[in-house]
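Colleague: Have a look at this prediction, sequence included:
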Amino acid sequence: MFNTMFPGRVVGLVFVLSGLLVTGVDLSQAAGIEGLKQSLGKRLFFEENLSSPVGQSCASCHSPSHGFADPRGKAVSEGAHPGRFTSRNAPTVAYAMFAPKRHWNTVDQVEVGGYFYDGRADSLEEQAAGPLMGQVEMANTGKQAIVSRLRKLGYSPAFRQIYGHEALKDAETGFSQLTEVIASYERSSEVNAFNSKYDHYLAGKARLTDQELRGLRLFEDEDKGNCAACHPNKPAITGAPPLFTDFTYDNLGIPVNSDNPFLTIDRKFNPVGKEFVDLGLGSVTGKQDDKGKFKVPTLRNLEKTAPYMHNGIFKTMMEVVEFYNTRDVSDKWGPAEVEVNVNKEELGDLKLTEQEMEDLVSFLRTLTDGYDLTAERTEKY
């Protein structure tokens, strides 16, 4: 499943879309259709004419240059209408493809998997559909409007090349095909690169600095950082690279973010204003034990995906580590947004020194994709 999306010989192919030449790839006879889906999906991932008003694409909130998270740096993500905000900071879509369908783990007695912070979607396709149909994100009036726009933009030939005469034939069919090709791109190795310094370290091709190694030890130490408890960093038994998430849910005791514009601006979609409480998984399951819990995110590309947490309250990785370290022994943070179900066993008073926190952040930076292996020939250790 890992990095197997692009086998075989690459054969050039050209789509004509909206008056533009868009290069696709037919990668092999076996993977040809999937290659076409990924190429078209990428084009649509960056298409800004599918929102209402136009100007908002998937990439607006999931930029490759920012680890496929929101590049705009605001606490929560802004929708197609300027000044209209969602209630959450858009999570990265990188490595999202590996999430299992949300289910109850009978062994550990926990919810696992799903998409979005609250696990409300069961597949990448359903995840892709969410913003397209969201009142704030893309602000579309319905599937028919979206599919009609696809036809007017000249995408019909490309869809027919993949789906034949059934392409974009009606609103339901066309919308399903749209989310399928976007999800196909999100499954590509471009979005799931597995080429960070840590990946190369695991493969024996890169060396970690002394500080990075100290941070790695803290990451794994059950009596210190204990980060690996929820963010496993070892390859799977199959040899698959680590995903740095176990896809479970936790209430970390995150405070309300007073800088969240959703609390004060979006009165149409948030009539309770500053009193709004995000129940996370609890809003989906309706269970008391799930209130305030959000899905454990991957730590891959963490360096690029600020701000952090569902409400964007933390601006730096060091601030996140400091919160984990001192939540229960410092007056700095304030009360949790949801005070039930807070994880008091694995974080809150880690007793890390300033140097140890810096070491931990140094290691977390090794999880950024796109590491240049040529640095190994010049870097001194």
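Modeller: Done, it's in.

Colleague: what's the burial count for Gly204?
Modeller: Residues within reach of Gly204, counting by other CB atoms under 10 Å, total 7. For glycine as for every other residue, the C-beta is placed from the backbone atoms N, C-alpha and C.

Colleague: Look up how far Pro241 lies from it.
Modeller: Shown here: Gly204 relative to Pro241, a distance of 14 Å by CB to CB, to the nearest Å.

Colleague: Then Ala129?
Modeller: Ala129 sits 28 Å away from Pro241, going by CB to CB.

Colleague: got it, and Leu44?
Modeller: Separation of Leu44 from Pro241 (CB to CB) stands at 28 Å.

Colleague: Then Leu279?
Modeller: Per CB to CB, Leu279 is found 33 Å from Pro241.

Colleague: same deal with His231?
Modeller: Look at His231 and Pro241: by CB to CB, they are 13 Å apart.

Colleague: Likewise for Leu36?
Modeller: Plainly put, Leu36 is 27 Å away from Pro241 if you go by CB to CB.

Colleague: Same question for Gln38.
Modeller: In this view, Gln38 and Pro241 are 20 Å apart by CB to CB.

Colleague: just Asn311 next, same as before
Modeller: With distances taken as CB to CB, Asn311 is found 30 Å from Pro241.

Colleague: Neighbour count for those two, which is higher?
Modeller: Taking other CB under 10 Å, Asn311 and Pro241 do not tie; Asn311 has more neighbours (26 against 22).

Colleague: How many neighbouring residues does the nearest residue to Ser65 once chain neighbours are set aside have?
Modeller: Spatial nearest neighbour of Ser65, chain neighbours left out: Pro71 (6.4 Å); criterion: CB to CB, 6 or more residues apart in numbering. Neighbourhood size, Pro71 [other CB under 10 Å]: 18.

Colleague: Next, name the residue at the spatial heart of the protein.
Modeller: Nearest residue to the geometric centre of the chain (CA atoms, centre = their mean): Thr92, 2.0 Å.

Colleague: my read: Asn226 touches Glu345, true?
Modeller: No: the criterion here is CB atoms under 8 Å, and Asn226 misses it with Glu345 at 9.7 Å.

Colleague: Looking at these two, which one has more neighbours?
Modeller: Using other CB under 10 Å, the more surrounded residue of Asn226 and Glu345 is Asn226, with 18 against 8.

Colleague: Which residue ranges of the chain form helices?
Modeller: For the chain, the helices defined by DSSP state H occupy 32-45, 58-61, 124-133, 143-152, 156-163, 171-186, 197-202, 210-220, 281-285, 317-326, 354-364.

Colleague: what's the closest of the ones you listed to Tyr249?
Modeller: Closest approach to Tyr249 among the helices of the chain (CB to CB): helix 281-285, 4.8 Å.

Colleague: other SSEs contacting the closest one?
Modeller: Here helix 281-285 touches no other helix or strand, going by 3 or more CB pairs under 8 Å, 6 or more residues apart in numbering; DSSP states H and E.

Colleague: what about that helix, average pLDDT?
Modeller: What helix 281-285 shows for mean pLDDT is 98.

Colleague: what do you get for stretch 353-368?
Modeller: Stretch 353-368 shows a mean pLDDT of 98 in the predicted model.

Colleague: so where's the protein uncertain?
Modeller: Scanning the chain for pLDDT under 70 picks out 1-31, 377-381.

Colleague: Can you give the domain ranges for it?
Modeller: Domain assignment of the chain by automatic domain parsing yields the ranges 11-87+125-186, 197-377.

Colleague: Take those domains and lay them out in TSV including distance to Asp108.
Modeller: What follows is these, written out as TSV (distance: least, CB to CB, whole Å):
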stretch	distance to Asp108
domain 11-87+125-186	24
domain 197-377	8
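
Colleague: Give me the buried positions along stretch 184-198.
Modeller: Residues of stretch 184-198 classed as buried: 184-188, 190-198 (neighbour count, 16 or more other CB atoms under 10 Å).

Colleague: How about the contacts made by Pro232?
Modeller: With contact taken as CB atoms under 8 Å, 6 or more residues apart in numbering, Pro232 is in contact with Pro242, Leu243, Phe244, Thr245, Asp246.

Colleague: In contact with the first one, which residues?
Modeller: Yep, that's Pro242 we're talking about. By CB under 8 Å, 6+ apart, the contact list for Pro242 reads Leu202, Pro232, Asn233, Lys234, Pro235, Ala236.
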